[in-house]
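1. Here you go, sequence then predicted model.
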Amino acid sequence: MTHAQHVSAVLALGSNLGERSDTLSVAVGDLIAHPDVRLIQVSEVVQTRPVGGPGDQPDFLNMVMEVETTLAPLDLLAHCQDVENRHHRVREVRWGPRTLDIDIITHDQTRLETEKLTIPHPRAAERAFVLQPWAWMDPDATLDGVPVAELAARAADLDGLRLYDPETDEVGG
Ligand SMILES: Nc1ncnc2c1ncn2[C@@H]1O[C@H](COP(=O)(O)OP(=O)(O)OP(=O)(O)O)[C@@H](O)[C@H]1O
Ligand SMILES: Nc1nc2c(c(=O)[nH]1)N=C(CO)CN2
């Protein structure tokens, strides 16, 4: 029997409904409670204006995390959706806003394009709400060979992004 390979994966989390900060904290715990998922690092939390969707939905809190995992991409997706569902159940969401959204941004060098899963995430390269916390967490990170910090600087939604302080529930400067 061969041993499953440990690989690094980057996950992006977002919440714009309910106790956003607590939701993100609990979700990080839920994600790494899986025996085949280990935490490497978490980013700062940022507050961001909604990109797309209904114009009047609340601001998001976003963050990214790096994990080490032996899970194959589809198994990691199933785990992320499991964690999402636990949090979605808490509230009735009529439209748009999300208690919790978890995206797989990268999974090692995996390139995948299926109906259920595309890796790297097809919209990550243009989303400051993913790229900026990622670049702060891992200044050497690249996405498709381009420095993540450079992609973040170019992203249209960078303007609406602020560092978030969970202690005060306030947005820093
Ligand atoms: N890299 C990925 N990470 C997470 N889900 C993905 C990924 N690629 C494809 N998907 C699929 O996307 C679906 C999630 O769709 P959903 O409507 O939640 O998109 P969204 O999160 O609102 O928008 P976006 O995909 O732009 O972030 C999942 O059911 C999953 O099958
Ligand atoms: N600021 C922000 N905007 C979004 C986000 C998000 O997490 N943050 N997620 C979306 C769908 O995944 C769509 N728009």
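-> Perfect, I can see it now. Ligands and ions are numbered 1, 2, ... in the order given.
2. Show me where the chain has its helices.
-> Ranges of helices in the chain, per DSSP state H, are 20-32, 73-88, 128-137, 148-154.
3. tell me the most buried of those helices?
-> helix 128-137 (a mean of 25; mean count of other C-beta atoms under 10 Å). C-betas here are computed from N, CA, C, even on glycine.
4. contact partners of that helix?
-> 10, 12, 14, 41-46, 48, 51, 60, 62-64, 66, 103, 105, 121, 124-125, 141, 143, 147-149, 151-152, 155-158, 160-161 (C-beta atoms under 8 Å, 6 or more residues apart in numbering).
5. Counting neighbours, what do you get for Pro166?
-> 14 (other C-beta atoms under 10 Å).
6. ok, now which ones touch it?
-> Contacts of Pro166 by C-beta under 8 Å, 6+ apart are 21, 25, 45.
7. and ligand 2, which of those residues reach it?
-> By C-beta under 6 Å from any ligand atom, no member of the contacts of Pro166 lies near ligand 2.
8. What is the nearest of the residues you listed to Leu77?
-> Taking C-beta to C-beta as the measure, Leu77 lies nearest Ser25 of those, at 21.8 Å.
9. show me the residues around that closest one that make contact.
-> Here Ser25 is in contact with Pro166 (C-beta under 8 Å, 6+ apart).
10. From ligand 1, how far out is it?
-> From Ser25 across to ligand 1, the span is 20 Å (C-beta to the nearest ligand atom, to the nearest Å).
11. what do you get for His79?
-> The value you get for His79 to ligand 1, if C-beta to the nearest ligand atom is used, is 11 Å.
12. show me what contacts that residue?
-> 31, 34, 37, 71.
13. now with 6 Å?
-> His34 (C-beta atoms under 6 Å, 6 or more residues apart in numbering).
14. restrict the contacts of helix 128-137 to those near ligand 1?
-> Within the contacts of helix 128-137, those near ligand 1 by C-beta under 6 Å from any ligand atom are 103, 121.
15. Would you show me how to pick out the buried ones of the contacts of helix 128-137 in PyMOL?
-> Of the contacts of helix 128-137, the buried ones go into a single PyMOL selection, burial set by 16 or more other C-beta atoms under 10 Å:
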select buried, resi 10+12+14+42+43+44+45+46+48+51+60+62+63+64+66+103+105+121+124+125+141+143+148+149+151+152+155+157+160+161
